[in-house]
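In: structure here, sequence nowhere to be found:
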């Protein structure tokens with residue numbers, strides 16, 4: 001590793017729920033952090049802004065020229081209406097990124113964040129063709145359906161061979177963390193939902209499936225994810241490997257849901273055979289109600305679409321199969337971090353309150 005004065009990292013998607021936390025973790029360890037994002041107004045303090053649209057090859061090349069990072073951590077992705085489009089755009093972003101970095105050289109390691117759709121399949125064929133036993137292990141073969149995670153891995157592997165860097169892939173479960181205007185934000189989504197339920201005098205209804213209510217599951221704390229991304233980028237045992245990343249504990253929603261309801265002072269209801277989804281319950285109601293709450297409470301964001309991702313939490317809570325991951329590979333390689341999921345949940349709620357995003 002180079003000296004502390006010259007250690008330089010590029011975080012791609014640095015304003016996202018994972019990008020923000022890994023940027024903080026890198027700076028805590030003395031790295032000079034450059035954060036690439038289309039909008040850089042939400043970059044963590046101390047991160048050097050690299051504004052760029054990864055779909056624009058020329059703009060990406062110009063943006064990353066001269067940075068010459070030692071490590072690159074990729075946490076960004078783009079959602080489209082079909083998996084074919086997801087594959088096209090998310091492959092292109094990596095191709096443009098690596099093409100922009102290649103002329104300067106110097107990249108030693110690239111860490112790519114993906115997720116459990118590696119085992120569950122893409123959104124349009126989600127959790128229907130799963131063959132792996134739970135907990136999911138990193139050596140499971142790819143599913144036969146097209147998947148932009150697989151396409152991203154292939155771009156990573158090809159660039160590693162061409163440019164001579166090592167790589168790691170990180171498969172997280174649903175991430176619990178602090179971010180705004182992010183598609184994968186269960187803590188904030190459920191906090192907004194609970195606040196609206198309290199405003200309207202409604203019970204806190206579990207919006208998912210009976211199976212998710214009863215089965216064992218796990219989640220991923222964003223800070224823990226950041227720790228693993230930095231660990232993998234700086235330890236030889238993690239080179240050229242894929243790792244699951246989850247908190248290390250397991251729980252059932254039927255156990256945690258009442259605790260969340262109690263935290264917000266709400267009565268709660270479990271699932272019905274047909275899920276009562278957040279998207280159906282909140283899409284039409286939430287915008288006006290949230291504007292009213294935000295105005296009365298002096299909140300920082302009145303647009304509920306910047307805070308809540310109904311569709312994403314519906315997809316996670318609506319699965320009809322058990323979903324949890326094995327962490328032994330990561331532990332055996334030397335990463336021993338863990339988080340208690342309830343504490344992660346409630347500490348992040350406190351962060352959103354402190355930021356005046358929820359009352």
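Out: Ah, there it is. It should be emphasised that the depicted structure is a prediction, and the values quoted were computed from it without experimental measurement.

In: what segments of this protein are helices?
Out: Along the chain, counting by DSSP state H, helices occupy 17-28, 57-64, 83-101, 117-120, 148-163, 186-200, 210-214, 222-234, 253-263, 278-282, 286-297, 310-317, 328-333, 341-354.

In: so for residue 180, which of those helices sits nearest?
Out: helix 186-200 (7.5 Å; CB to CB). In short, each C-beta sits where N, CA and C put it, glycine included.

In: just the pLDDT for residue 310.
Out: Looking at residue 310, its pLDDT reads 96.

In: for it, what are its contacts?
Out: Residue 310 makes contact with 189, 277, 278, 279, 282, 283, 286, according to CB atoms under 8 Å, 6 or more residues apart in numbering.

In: any idea how far residue 316 is from it?
Out: Going from residue 310 to residue 316 by CB to CB, to the nearest Å gives 11 Å.

In: same thing with residue 359?
Out: Distance, residue 359 to residue 316, using CB to CB: 25 Å.

In: pick out whichever of these two has more residues nearby.
Out: residue 316 (21 against 15; other CB atoms under 10 Å).

In: contacting residues for that one?
Out: By CB under 8 Å, 6+ apart, residue 316 lies in contact with 174, 186, 208, 212.

In: just give me the closest of those residues to residue 322.
Out: residue 212 (8.7 Å).

In: the closest one: what's it in contact with?
Out: Here residue 212 is in contact with 253, 271, 316, 317, 318, 319, 320, 323 (criterion: CB under 8 Å, 6+ apart).

In: let's see that with 10 Å instead.
Out: Counting by CB atoms under 10 Å, 6 or more residues apart in numbering, residue 212 makes contact with 206, 252-254, 271, 275, 316-323.

In: that older thread, now render the helices of the chain as TSV, adding distance to residue 51.
Out: TSV is the format used below for the helices of the chain (distance: least, CB to CB, whole Å):
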stretch	distance to residue 51
helix 17-28	14
helix 57-64	7
helix 83-101	13
helix 117-120	28
helix 148-163	22
helix 186-200	25
helix 210-214	39
helix 222-234	22
helix 253-263	37
helix 278-282	32
helix 286-297	28
helix 310-317	26
helix 328-333	33
helix 341-354	26
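
In: out of those helices, which gets nearest to residue 72?
Out: Closest among the helices of the chain, using CB to CB: helix 83-101, at 7.0 Å.

In: show me how to select, in PyMOL, the buried members of the contacts of residue 212.
Out: Listed next is the PyMOL selection for buried residues among the contacts of residue 212, using 16 or more other CB atoms under 10 Å:
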select buried, resi 206+253+271+275+316+317+318+319+322+323
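
In: filter the contacts of residue 212 down to the ones in strands?
Out: Counting by DSSP state E, the contacts of residue 212 place residue 252 in strands.

In: and the contacts of residue 212 as TSV, adding pLDDT and distance to residue 150?
Out: As requested, the contacts of residue 212 are exported to TSV (pLDDT from 0 to 100; distance: CB to CB, whole Å):
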residue	pLDDT	distance to residue 150
206	98	32
252	98	31
253	98	29
254	98	34
271	98	32
275	97	28
316	93	21
317	97	25
318	95	23
319	92	20
320	92	23
321	90	20
322	93	23
323	94	19
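
In: out of the contacts of residue 212, flag the one nearest to residue 144.
Out: Distances from residue 144 to the contacts of residue 212, taken by CB to CB, are shortest for residue 321, at 17.3 Å.

In: and the gap between the closest one and residue 210?
Out: Residue 321 is 12 Å from residue 210, by CB to CB.

In: where does this protein dip in pLDDT?
Out: Along the chain, the parts satisfying pLDDT under 70 run over 1-6, 127, 183.

In: hmm, 50 instead?
Out: Scanning the chain for pLDDT under 50 picks out 1-4.

In: what sits against the residue lying closest to residue 313 once chain neighbours are set aside?
Out: In this structure, residue 313 finds its nearest non-sequential neighbour in residue 189, 4.7 Å apart by CB to CB, 6 or more residues apart in numbering. Residue 189 makes contact with 182, 278, 282, 304, 307-314, 316 under the criterion CB under 10 Å, 6+ apart.

In: returning to what we had before: out of the contacts of residue 212, flag the one nearest to residue 32.
Out: Closest approach between the contacts of residue 212 and residue 32, by CB to CB: residue 316, at 35.2 Å.

In: what separation do you get for that closest one and residue 123?
Out: 11 Å.

In: same deal with residue 79?
Out: Noted for residue 79: a distance of 8 Å to residue 123, by CB to CB.

In: more crowded one of the two?
Out: Remark: of residue 79 and residue 123, residue 123 carries more neighbours, 18 against 14, as counted by other CB under 10 Å.

In: that one against residue 319, yeah?
Out: No - under the criterion of CB atoms under 10 Å, residue 123 makes no contact with residue 319, lying 12.0 Å away.

In: if we can go back for a sec, could I get the contacts of residue 189 as JSON lines with distance to residue 335?
Out: Listed next are those as JSON lines, based on distance: CB to CB, whole Å:
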{"residue": "182", "distance to residue 335": "25"}
{"residue": "278", "distance to residue 335": "33"}
{"residue": "282", "distance to residue 335": "37"}
{"residue": "304", "distance to residue 335": "37"}
{"residue": "307", "distance to residue 335": "32"}
{"residue": "308", "distance to residue 335": "32"}
{"residue": "309", "distance to residue 335": "28"}
{"residue": "310", "distance to residue 335": "33"}
{"residue": "311", "distance to residue 335": "32"}
{"residue": "312", "distance to residue 335": "26"}
{"residue": "313", "distance to residue 335": "28"}
{"residue": "314", "distance to residue 335": "31"}
{"residue": "316", "distance to residue 335": "24"}
